[in-house]
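>>> let me see the structure of the following:
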Amino acid sequence: IAITRPHDIALANETPAAPPREPEAPKRPPAGATEKAYRAALAEGTPEALDRFAAANPEAAEAAEARQRARSLREESAYQAAVARNDVAAYQAFLEAFPASGRRPEVEARRRVLDEERRRAEADRRAREIDEGRRRDAYHQARKLDSAEAYRVFLAAYPDGPEAKEAKERATAIEADDAAFEAARSSPEALDAYVATFPKGRHEAKAKKLAQEIRTARMESDFQTATVRGSRADWEAFLAAWPRSPKAAQARAALEALTRAGSPEPPRSPEAPAAAGKTTLVAARAAPLPSLEAKPDDPAWRSAPVLEVPLSGDGVTKSIKVRALHDGATLLLLAEWTDPSRDTLYRPWMWDPARRTYQQNEQIDDALAIALYRGRAPGDACMLAGEEHDADVWRWRAHWSEISGYADDARIRISRNRIPQSNPYLAAAGGGQVWIREDPDEGAAGWTFYIPVEFQGPVVPSYRPAAARGSRKDVKARGAWTQAGSTSGTWAVAFARTLDTKQADDAPLVEGRAHAISFAVYDKNEKGRHASSQVVSLEIRGR
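Below you'll find the model as predicted:
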């Protein structure tokens, strides 16, 4: 038995190691297989199929073409998607993904067109926003003024605006309300009916107050009449008309006194004729006449005698100097008076920075009125004196006339008895009631009301020139203010009118005859603060 060592046994049991294996060469597809796979990728026609072919056959001659075809397909697909979206972002993404694309000039041109359209659309949107803002501001202003005229001005500017329907309805309602009030304002009974018909009307408070004023004025007038006449019939008529009047007790006392005395009816005195004007303004003949803009110191006015006419009332001047010339066809009249300030704005628009809108100011311009009387002239030219008269009135206003070149031309009738479409006033010195009706001449004035919509400066005139038409363009007028010192100045205003306009609403002037006229000067006021003259005679001197 052979003796072996454990080490020798271990070595004997070990298996000999296998020799190292050579790496396998990549398997090449059999001949013709590559071409077949490429045709299959082409037939599928997707970038993914072509990429798979190129990855599987990197050494194949078709691999580069496959990769190029895959890129072209992706580029075409991206182009078609961008065209389908047709927005700037899609075109920009295409250009970034395919910077060397042959379609780059076309895509850039498409992007530029969209950029330009976007800019135009943005500009249009901003313009619409501005226009809408102006429209909203204009409507806000119309609603603030809340007058039919303001709404009509808005509708003329924005006839198709979303507020147009509401504006039309409001204008129509206001016009109906205003017309009803104007038709009713001469009678307390009609005013009561107006309040019943329009319980929340625009003029409700005014109608109630006016109705009470008219009743009070009627009562005072009837009481004055009964007092002056002093007859039983007059006192009985007063009590029958005003049984609850504060003067009823006095009327009953007067009636009782007549009953106790048993006195006969007092005789009624005839009406005293009105005193004729004692002062004469001579309109001499001259040819040619001075221009309307000629100043008082112009040599053309030297042949005209100056008449200084006293004025009374609440005014800044105590007299007015007047001159007149004519050429047989046209009368030219020049008036001068002192006025410390030149006031030429009539209720202008003032900008309110806090509200960012215009508010109408109460400022009034200076004015001069000339009354040319028809028929019998009054003894007292003041309208509130209550004397019956009918006058052709020319008004120069420092605002209206200076923007148009025309005087306002109207007819005024005054009576103690109610006149249709007239307004009642309390007569001066508690003399009862007087009715005044004013009618503008036929045609259109040379100015029109204006409402500013957007900011145009801190002060904007409320009227603008317009085309005068008809009889309202008969009287031309022009004024000029000259400063004489720090606290004094003078207005010089010229009027020109054809002697006989052949218009029914104008009083004719006849050469060789005298006509009754009067003057009233207004210092930045319409009705209250003014100085007026008594009636004077205007002689249109013949050859």
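
>>> pull out the buried residues from stretch 323-333.
Arg323, Ala324, Leu325, His326, Leu331, Leu332, Leu333 (16 or more other Cβ atoms under 10 Å). Yep, even glycine has a C-beta here, placed from its N, CA and C like the rest.

>>> please enumerate the strands of the stretch 151-300 of the chain.
Assigned strands in the stretch 151-300 of the chain, in chain order: 280-285 (criterion: DSSP state E, counting those that start in this stretch).

>>> can you tell me the closest non-neighbouring residue to Lys473?
Tyr406 (5.8 Å; Cβ to Cβ, 6 or more residues apart in numbering).

>>> can you tell me how far that neighbour sits from Ala377?
Look at Tyr406 and Ala377: by Cβ to Cβ, to the nearest Å, they are 26 Å apart.

>>> pretty sure Arg252 sits against Leu239.
Yes: taking Cβ atoms under 8 Å as the definition, Arg252 is a contact partner of Leu239 at 6.6 Å.

>>> so who does Asp51 touch?
Ala66, Arg67, Ala70 (Cβ atoms under 8 Å, 6 or more residues apart in numbering).

>>> over to the first one: give its phi and psi.
Summarising the backbone geometry of Ala66 under the convention degrees, to the nearest 10, its torsions are phi -60, psi -40.

>>> could I have the CA atoms of stretch 352-365 written out in CSV?
Coordinates of each C-alpha in stretch 352-365 appear next as CSV, following Å, rounded to 0.1, in the frame of the first residue of the first chain:
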residue,chain,number,x,y,z
ASP,A,352,-62.4,119.2,-11.1
PRO,A,353,-59.1,117.3,-10.6
ALA,A,354,-60.4,115.2,-7.7
ARG,A,355,-63.4,113.9,-9.7
ARG,A,356,-61.6,114.1,-13.0
THR,A,357,-64.5,115.6,-14.8
TYR,A,358,-65.9,119.1,-15.7
GLN,A,359,-68.4,121.0,-13.6
GLN,A,360,-70.4,123.9,-14.9
ASN,A,361,-69.5,127.2,-13.1
GLU,A,362,-72.1,129.8,-12.3
GLN,A,363,-70.0,132.7,-13.8
ILE,A,364,-72.0,135.1,-16.0
ASP,A,365,-70.7,137.5,-18.7
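
>>> with adjacent residues omitted, what lies nearest to the residue most central in space within the chain?
In the chain, the C-alpha nearest the mean C-alpha coordinate belongs to Ile451, at 2.2 Å (Cα atoms, centre = their mean). Nearest non-adjacent residue to Ile451, counting by Cβ to Cβ, 6+ apart: Val153, 5.2 Å away.

>>> mind checking how far Arg472 is from Trp394?
11 Å.

>>> swap in Tyr450?
Taking Cβ to Cβ, one finds Tyr450 at 24 Å from Trp394.

>>> if you count what's nearby, which of these two comes out ahead?
Trp394 (25 against 14; other Cβ atoms under 10 Å).

>>> now do the contacts for that one.
Ala369, Ile370, Leu372, Ala407, Asp408, Asp409, Val475, Ala477, Phe495, Arg497.

>>> now it: which helix or strand?
According to DSSP states H and E, Trp394 maps onto strand 389-397.

>>> how far out from the middle of the chain is that strand?
Here the centre of strand 389-397 is set off from its chain's centre by 27 Å, with Cα atoms, centre = their mean, to the nearest Å.

>>> and if you look at stretch 67-84?
Put simply, stretch 67-84 sits 63 Å off its chain's centre (Cα atoms, centre = their mean).

>>> what about Glu96, how many neighbours?
By other Cβ under 10 Å, neighbour count at Glu96 equals 8.

>>> same deal with Arg118?
Neighbour tally, Arg118, other Cβ under 10 Å: 12.

>>> report the mean confidence score over the host helix or strand of it.
Using DSSP H and E, Arg118 sits in helix 104-145. Throughout helix 104-145, pLDDT has a mean value of 91.

>>> that helix packs against which elements?
helix 63-85, helix 88-97, helix 148-157, helix 164-184, strand 357-360 (3 or more Cβ pairs under 8 Å, 6 or more residues apart in numbering; DSSP states H and E).
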